[in-house]
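>>> Here is a sequence with its predicted model. Questions after.
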Amino acid sequence: AQSVTQLGSHVSVSEGALVLLRCNYSSSVPPYLFWYVQYPNQGLQLLLKYTSAATLVKGINGFEAEFKKSETSFHLTKPSAHMSDAAEYFCAVSVRGGGNKLTFGTGTQLKVEL
Amino acid sequence: DTEVTQTPKHLVMGMTNKKSLKCEQHMGHRAMYWYKQKAKKPPELMFVYSYEKLSINESVPSRFSPECPNSSLLNLHLHALQPEDSALYLCASSQVAGAGNEQFFGPGTRLTVL
(Lines give C-alpha, C1' and ligand atoms only; values in the text may rest on other atoms or scores of the structure.)
Protein backbone atom coordinates (compact mmCIF):
# COMPACT_ATOMS: atom_id res chain seq x y z
CA ALA A 1 0.00 0.00 0.00
CA GLN A 2 1.09 3.53 -0.63
CA SER A 3 1.61 6.21 2.00
CA VAL A 4 2.80 9.77 2.42
CA THR A 5 4.72 11.34 5.27
CA GLN A 6 4.83 15.07 5.80
CA LEU A 7 7.60 16.17 8.13
CA GLY A 8 6.65 19.12 10.28
CA SER A 9 3.02 19.62 11.20
CA HIS A 10 3.69 23.35 11.60
CA VAL A 11 6.08 25.51 9.60
CA SER A 12 6.60 29.21 10.22
CA VAL A 13 8.38 31.55 7.79
CA SER A 14 8.81 35.28 7.44
CA GLU A 15 7.13 37.09 4.58
CA GLY A 16 9.52 37.05 1.63
CA ALA A 17 11.43 34.00 2.87
CA LEU A 18 11.71 30.63 1.16
CA VAL A 19 8.90 28.17 1.79
CA LEU A 20 9.89 24.49 2.01
CA LEU A 21 7.28 21.88 2.90
CA ARG A 22 8.49 18.29 3.00
CA CYS A 23 6.77 15.22 1.63
CA ASN A 24 8.11 11.68 1.39
CA TYR A 25 6.16 8.86 -0.18
CA SER A 26 6.16 5.10 -0.07
CA SER A 27 4.86 3.10 -3.02
CA SER A 28 5.75 -0.23 -4.62
CA VAL A 29 4.60 1.06 -8.03
CA PRO A 30 5.18 4.40 -9.77
CA PRO A 31 3.18 7.03 -7.89
CA TYR A 32 1.18 10.04 -8.91
CA LEU A 33 1.83 12.82 -6.42
CA PHE A 34 -0.17 15.90 -5.58
CA TRP A 35 0.01 18.97 -3.39
CA TYR A 36 -3.25 20.50 -2.24
CA VAL A 37 -3.86 23.66 -0.21
CA GLN A 38 -6.77 24.18 2.16
CA TYR A 39 -7.76 27.58 3.54
CA PRO A 40 -9.88 27.71 6.71
CA ASN A 41 -13.40 26.40 6.24
CA GLN A 42 -12.85 25.69 2.57
CA GLY A 43 -12.32 22.71 0.32
CA LEU A 44 -9.00 21.64 -1.15
CA GLN A 45 -7.38 23.32 -4.14
CA LEU A 46 -4.79 21.60 -6.28
CA LEU A 47 -1.43 23.38 -6.35
CA LEU A 48 0.41 20.96 -8.61
CA LYS A 49 0.75 17.31 -9.57
CA TYR A 50 3.42 14.87 -10.74
CA THR A 51 2.31 12.29 -13.28
CA SER A 52 5.64 10.87 -14.52
CA ALA A 53 6.41 13.59 -17.05
CA ALA A 54 8.86 16.30 -15.94
CA THR A 55 10.35 15.79 -12.49
CA LEU A 56 10.24 19.52 -11.73
CA VAL A 57 6.61 20.54 -11.59
CA LYS A 58 5.41 24.12 -11.55
CA GLY A 59 2.07 24.94 -10.02
CA ILE A 60 -0.15 27.84 -9.22
CA ASN A 61 0.71 30.82 -7.01
CA GLY A 62 4.46 30.44 -7.60
CA PHE A 63 4.78 26.99 -6.03
CA GLU A 64 6.85 24.19 -7.48
CA ALA A 65 7.89 20.69 -6.45
CA GLU A 66 10.60 18.28 -7.55
CA PHE A 67 10.07 14.53 -7.77
CA LYS A 68 13.19 12.70 -6.55
CA LYS A 69 12.82 8.97 -6.93
CA SER A 70 16.12 8.18 -5.21
CA GLU A 71 14.97 10.07 -2.12
CA THR A 72 11.26 9.14 -2.48
CA SER A 73 10.52 12.81 -1.98
CA PHE A 74 8.24 15.44 -3.46
CA HIS A 75 8.98 18.60 -1.48
CA LEU A 76 7.02 21.80 -2.15
CA THR A 77 8.84 25.11 -2.45
CA LYS A 78 8.12 28.76 -3.10
CA PRO A 79 10.94 31.31 -3.35
CA SER A 80 9.17 34.12 -1.50
CA ALA A 81 6.34 33.63 0.99
CA HIS A 82 3.33 35.90 1.00
CA MET A 83 0.87 36.43 3.82
CA SER A 84 -1.83 34.88 1.66
CA ASP A 85 0.10 31.58 1.60
CA ALA A 86 -0.86 30.87 5.21
CA ALA A 87 -2.95 27.71 5.03
CA GLU A 88 -2.89 23.92 5.49
CA TYR A 89 -0.96 22.00 2.85
CA PHE A 90 -1.52 18.34 2.06
CA CYS A 91 0.66 16.02 0.03
CA ALA A 92 -1.20 13.07 -1.52
CA VAL A 93 -0.45 9.98 -3.58
CA SER A 94 -2.45 7.75 -5.89
CA VAL A 95 -1.41 4.69 -7.89
CA ARG A 96 -2.71 2.75 -10.88
CA GLY A 97 -5.37 0.24 -10.01
CA GLY A 98 -6.44 2.22 -6.97
CA GLY A 99 -9.49 3.87 -8.50
CA ASN A 100 -7.89 7.31 -8.16
CA LYS A 101 -8.01 6.97 -4.38
CA LEU A 102 -5.96 9.74 -2.84
CA THR A 103 -3.96 8.89 0.27
CA PHE A 104 -3.12 12.10 2.08
CA GLY A 105 -0.33 13.01 4.43
CA THR A 106 -1.18 14.45 7.81
CA GLY A 107 -0.78 18.01 6.56
CA THR A 108 1.48 20.97 7.31
CA GLN A 109 0.12 24.21 8.67
CA LEU A 110 2.07 27.10 7.14
CA LYS A 111 2.25 30.33 9.11
CA VAL A 112 3.65 33.47 7.47
CA GLU A 113 4.87 36.23 9.76
CA LEU A 114 5.62 39.87 9.01
CA ASP B 1 -17.59 26.03 -15.12
CA THR B 2 -14.84 24.40 -13.03
CA GLU B 3 -16.76 24.33 -9.79
CA VAL B 4 -18.08 21.66 -7.48
CA THR B 5 -20.96 22.91 -5.39
CA GLN B 6 -22.19 21.43 -2.13
CA THR B 7 -25.35 22.10 -0.16
CA PRO B 8 -26.01 22.83 2.58
CA LYS B 9 -22.91 24.64 3.89
CA HIS B 10 -23.80 23.77 7.46
CA LEU B 11 -26.07 21.08 8.89
CA VAL B 12 -27.03 20.32 12.48
CA MET B 13 -28.94 17.12 13.10
CA GLY B 14 -30.02 14.91 15.92
CA MET B 15 -29.12 11.25 16.13
CA THR B 16 -32.59 10.18 15.02
CA ASN B 17 -32.86 12.51 12.04
CA LYS B 18 -32.58 11.69 8.37
CA LYS B 19 -30.85 14.26 6.21
CA SER B 20 -29.04 14.42 2.87
CA LEU B 21 -25.97 16.18 1.54
CA LYS B 22 -25.91 17.22 -2.09
CA CYS B 23 -23.01 17.67 -4.49
CA GLU B 24 -23.15 18.90 -8.07
CA GLN B 25 -20.65 19.41 -10.89
CA HIS B 26 -21.11 20.49 -14.50
CA MET B 27 -17.63 19.73 -15.82
CA GLY B 28 -18.66 16.51 -17.52
CA HIS B 29 -16.70 14.49 -15.01
CA ARG B 30 -17.57 10.80 -14.72
CA ALA B 31 -16.05 10.15 -11.30
CA MET B 32 -17.29 11.58 -8.04
CA TYR B 33 -16.07 11.13 -4.47
CA TRP B 34 -17.14 11.63 -0.86
CA TYR B 35 -14.51 12.40 1.77
CA LYS B 36 -14.81 12.93 5.51
CA GLN B 37 -12.46 15.37 7.23
CA LYS B 38 -12.18 15.71 10.99
CA ALA B 39 -10.66 18.85 12.48
CA LYS B 40 -6.88 19.13 12.04
CA LYS B 41 -6.83 15.86 10.04
CA PRO B 42 -6.49 15.02 6.34
CA PRO B 43 -9.52 14.00 4.29
CA GLU B 44 -10.42 10.32 4.36
CA LEU B 45 -12.04 8.71 1.36
CA MET B 46 -15.51 7.26 1.92
CA PHE B 47 -16.93 6.43 -1.51
CA VAL B 48 -16.03 6.59 -5.19
CA TYR B 49 -18.55 6.59 -8.03
CA SER B 50 -17.39 5.87 -11.55
CA TYR B 51 -19.87 6.31 -14.41
CA GLU B 52 -22.68 6.50 -11.83
CA LYS B 53 -21.76 3.15 -10.30
CA LEU B 54 -20.28 2.71 -6.83
CA SER B 55 -16.74 1.50 -7.35
CA ILE B 56 -15.15 1.98 -3.92
CA ASN B 57 -16.70 1.83 -0.45
CA GLU B 58 -14.07 2.28 2.22
CA SER B 59 -15.95 0.15 4.75
CA VAL B 60 -18.19 3.06 5.67
CA PRO B 61 -20.99 2.33 8.19
CA SER B 62 -24.41 1.79 6.64
CA ARG B 63 -25.78 4.90 8.34
CA PHE B 64 -24.09 6.69 5.41
CA SER B 65 -25.79 5.88 2.13
CA PRO B 66 -24.45 7.37 -1.12
CA GLU B 67 -26.46 7.84 -4.27
CA CYS B 68 -25.52 9.00 -7.75
CA PRO B 69 -28.76 9.80 -9.64
CA ASN B 70 -26.92 11.07 -12.72
CA SER B 71 -23.43 11.99 -13.86
CA SER B 72 -23.65 15.51 -12.41
CA LEU B 73 -25.15 14.80 -9.03
CA LEU B 74 -24.00 12.96 -5.93
CA ASN B 75 -25.95 12.63 -2.71
CA LEU B 76 -25.03 11.34 0.72
CA HIS B 77 -28.00 10.20 2.79
CA LEU B 78 -27.54 10.30 6.53
CA HIS B 79 -29.53 8.34 9.10
CA ALA B 80 -29.04 7.57 12.78
CA LEU B 81 -25.67 9.28 12.93
CA GLN B 82 -23.48 9.44 16.00
CA PRO B 83 -21.81 12.53 17.49
CA GLU B 84 -18.44 11.22 16.30
CA ASP B 85 -19.72 11.59 12.72
CA SER B 86 -19.51 15.36 13.12
CA ALA B 87 -17.00 16.52 10.51
CA LEU B 88 -16.52 18.41 7.25
CA TYR B 89 -17.85 16.32 4.36
CA LEU B 90 -16.12 17.05 1.09
CA CYS B 91 -17.26 16.11 -2.37
CA ALA B 92 -14.85 15.91 -5.30
CA SER B 93 -14.99 15.03 -8.97
CA SER B 94 -12.50 14.05 -11.66
CA GLN B 95 -12.66 13.37 -15.36
CA VAL B 96 -12.49 9.64 -14.75
CA ALA B 97 -11.56 7.46 -11.79
CA GLY B 98 -8.07 6.69 -13.00
CA ALA B 99 -4.92 7.37 -11.02
CA GLY B 100 -3.39 10.74 -11.72
CA ASN B 101 -6.64 12.47 -12.60
CA GLU B 102 -6.98 15.77 -10.78
CA GLN B 103 -9.77 15.83 -8.24
CA PHE B 104 -11.72 19.07 -7.94
CA PHE B 105 -13.09 19.62 -4.45
CA GLY B 106 -16.21 21.42 -3.30
CA PRO B 107 -16.22 23.72 -0.26
CA GLY B 108 -17.72 21.05 1.97
CA THR B 109 -20.66 20.65 4.31
CA ARG B 110 -19.94 21.18 8.00
CA LEU B 111 -22.01 18.54 9.82
CA THR B 112 -22.74 18.62 13.53
CA VAL B 113 -24.51 15.67 15.12
CA LEU B 114 -26.08 16.37 18.50
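Received, thanks. Numbers count the residues shown, from 1 in each chain, chains lettered A, B, ... in the order given.
>>> Going by C-alpha atoms from here, please, whenever you check contacts or count neighbours.
Noted.
>>> can you tell me how far B:S55 sits from A:Q6?
Noted for B:S55: a distance of 29 Å to A:Q6, by Cα to Cα, to the nearest Å.
>>> gap between the residue nearest in space to the middle of chain A and B:S65?
Residue closest to the average C-alpha location in chain A (Cα atoms, centre = their mean): A:W35, at 3.4 Å. A:W35 is 29 Å from B:S65, where distance means Cα to Cα.
>>> B:H26 too?
Separation of B:H26 from B:S65 (Cα to Cα) stands at 23 Å.
>>> Ok, A:T72 next?
Separation of A:T72 from B:S65 (Cα to Cα): 37 Å.
>>> How about B:G28?
For B:G28, the distance to B:S65 equals 23 Å [Cα to Cα].
>>> ditto for B:V113
Counting by Cα to Cα, the gap from B:V113 to B:S65 is 16 Å.
>>> Look at the two and report which has more neighbours.
B:V113 (18 against 14; other Cα atoms under 10 Å in any protein chain shown).
>>> Pairing partners for that one in the sheet, please.
Note on B:V113: beta-bridge partners B:M13, judged by DSSP bridges.
>>> got a list of what the most centrally placed residue in chain B touches?
Geometric centre of chain B, nearest residue: B:W34, 3.0 Å, by Cα atoms, centre = their mean. Going by Cα atoms under 8 Å, 6 or more residues apart in numbering or on different chains, B:W34 touches B:L45, B:M46, B:F47, B:V48, B:Y89, B:L90, B:C91, B:A92.
>>> low-scoring stretches of chain A, by residue?
Within chain A, no range satisfies pLDDT under 70.
>>> What parts of it come near chain B?
A:32-33, A:41-46, A:49, A:51, A:90, A:94-107 (Cα under 8 Å from any Cα of the partner chain).
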